[in-house]
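Asks: Sequence plus predicted model, see below.
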Amino acid sequence: MKILSIETSCDETALAIIEAEGDLDNPKFEIISEALNSQIDIHKEYGGVFPAVAKREHARNLVPLLEELNSKFQITKNQIPNSKFQTESNSNKIPDQVRDDKTDEIPEQVLNDKTDEIQKLLEREPQLTEKLFSFLETHEKPDLDLITVTSGPGLEPCLWTGINFAKALSIVWQIPLLPVNHMEGHISSILINQNRGSTKSEIRNPKINFPTLALLISGGHTELVLIKSWGKYEVIGQTKDDAVGEAYDKVARLLGLPYPGGPEIAKLAEEAREKDLPFSEISFPRPMVNSKDFDFSFSGLKTAVLYKTQELGEISDDMKKIIAREFEQAIVDVLKKKVTDAIDQFDIKNLIVGGGVISNQYIRKNLQELVEEKDIEVFFPEQKLSTDNAVMIGMAGYLKSFREQAVVNPEIKAEGNLSLNS
Ligand code: KG4
Ligand code: ZN
């Protein structure tokens, strides 16, 4: 089936069309078309994501991205010229060659019927409404089987924009719509790999053995999820305060480095390891490393860095590298310990790692070594699917379609704290 997916939970506006087939034992995916707009340059100015700005940007970018998708892969077969939304007897203006036997599929018919409903739906999305109407009135119903949209967790104003956009498309095109949990998206992100590499983690459509453990590490989340089968998720541990990426970002700010701080800290830490810089007296805590659960806490680690920087005053470039290395090592030690304990306790067969922080090569290498010791397989997403994207929302939606019937224009609520527990 062909799936259109929509992701607006944070600072990436993303759309994708994927082809999905196979059953839950062996789902297969192909990316047909994707379009993504990252707001990272805008949020750099604020040193973090500012929800009202993010929402405005989603509303502004969704239709241009839909047009981009359409130009890469014609999702709608025919352009309908000359139409004007909300004028009387629109259908009379549609040229004969596009009317043919598909007249009842021409969206203007539905648009005319549903004008009020859609206008009400998009009441709070002024930047979106006009562009969307003009797209819809000039394009036929596309050849799609399902629409999926992120409904949480994330920034609620941003989630609503994506949901309202998805609902409008579902209504006008009469295509079923499913809400998707963004974290199930990150878990699913490993289900396709277009890099035809030679390692096991680069198998195109990997086969997952359960129970599987997912470690999800991003700017907003740090979670360990026990997966008994697709759709059966139990969050066995999560951060009590800062997420891993957030800790990187905050420590970067303490060291005077730009947002997002993860790659900056990673670079300095790598230089400290390469140059084998002395450890001086820099040593940070490994928070909750010996707690008997799978939860995390990183704000104390950040505070330890804060105190150290205050104590040092002026910080040399080498000292920044030493601090970055020790901070990163503390993160790695905690992640490794919790993952190891979970693998042992739940007799885990596969490890899935997702989220933007997994771009970090040092963390990746350490996890790779850990699973080799445990003799289990690890799956990382390819680079572009490790950060927020819509392809993963399409794949998670396909998995969900086996346990929930998708309907046209369902009730969907944005849930900022939506949990994966099922
Ligand atoms: O998944 P993502 O793109 O967005 C969220 O949903 O949060 O993750 C972004 C986070 C940021 O906090 C960023 O600093 C961090 O991932 N990050 C890294 C690296 N690259 C990005 N953290 C550590 N090392 C990296 N190389
Ligand atoms: Zn994410």
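Replies: Done, it's in. Ligands and ions are numbered 1, 2, ... in the order given.
Asks: where does T222 land on pLDDT?
Replies: T222 is assigned 97 on the pLDDT scale.
Asks: Which element, helix or strand, includes A16?
Replies: Element membership for A16 (DSSP states H and E) is strand 12-21.
Asks: next SSE after that strand?
Replies: Counting by DSSP H and E, what follows strand 12-21 is strand 28-38.
Asks: Quick one: mean pLDDT over the strand holding A16.
Replies: Here the average pLDDT along strand 12-21 is 96.
Asks: Just the C-alpha atoms of it, please, in CSV.
Replies: Extracted in CSV, the C-alpha atoms of strand 12-21 (Å, rounded to 0.1, in the frame of the first residue of the first chain):
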residue,chain,number,x,y,z
GLU,A,12,11.3,19.4,11.4
THR,A,13,8.4,19.6,9.0
ALA,A,14,8.5,16.4,7.0
LEU,A,15,6.4,14.6,4.5
ALA,A,16,7.0,11.3,2.8
ILE,A,17,5.3,8.7,0.6
ILE,A,18,6.3,5.1,1.2
GLU,A,19,5.3,1.8,-0.3
ALA,A,20,4.7,-0.8,2.4
GLU,A,21,3.9,-4.5,2.0
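Asks: For it, buried residues please.
Replies: For strand 12-21, the neighbour count (16 or more other Cβ atoms under 10 Å) marks 12-18, 20 as buried. C-betas here are computed from N, CA, C, even on glycine.
Asks: Is it possible to get TSV of those residues that adds distance to ligand 2?
Replies: Shown next, in TSV, are these (distance: Cβ to the ion, whole Å):
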residue	distance to ligand 2
E12	8
T13	13
A14	11
L15	16
A16	15
I17	20
I18	18
A20	21
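Asks: From those residues, pick the one nearest Y362.
Replies: Among the buried residues of strand 12-21, E12 lies closest to Y362 (Cβ to Cβ), at 24.3 Å.
Asks: distance of the closest one from N421?
Replies: E12 sits 25 Å away from N421, going by Cβ to Cβ, to the nearest Å.
Asks: before we move on, what about F135?
Replies: Distance of F135 to N421, computed by Cβ to Cβ: 38 Å.
Asks: who has more neighbours, those two?
Replies: Legend: neighbour count by other Cβ atoms under 10 Å for F135 and N421, higher for F135 (19 against 10).
Asks: And for the more buried one, nearest residue in space, chain neighbours not counted?
Replies: In this structure, F135 finds its nearest non-sequential neighbour in V63, 5.4 Å apart by Cβ to Cβ, 6 or more residues apart in numbering.
Asks: in what helix or strand does the one you found lie?
Replies: Counting by DSSP H and E, V63 is part of helix 51-72.
Asks: Is any residue of that helix near ligand 1?
Replies: No - counting by Cβ under 6 Å from any ligand atom, ligand 1 has no neighbours in helix 51-72; the shortest distance is 11.7 Å.
Asks: What average pLDDT does that helix get?
Replies: Mean pLDDT, helix 51-72: 92.
Asks: chain center to it: distance?
Replies: 16 Å (Cα atoms, centre = their mean, to the nearest Å).
Asks: For the protein, give me the ranges with low pLDDT.
Replies: 43, 47, 74-110, 194-203 (pLDDT under 70).
Asks: swap the cut-off to 50 and go again
Replies: 82-104 (pLDDT under 50).
Asks: What's the biggest helix in it, counting residues?
Replies: The longest helix of the chain (DSSP state H) is helix 317-346.
Asks: Next up, the contacts around the closest residue to ligand 1 within the stretch 201-350 of the chain.
Replies: Closest residue of the stretch 201-350 of the chain to ligand 1, Cβ to the nearest ligand atom: G262 (2.1 Å). Contact analysis of G262 by Cβ atoms under 8 Å, 6 or more residues apart in numbering lists 219, 245, 248-249, 252, 356-357, 359-360.
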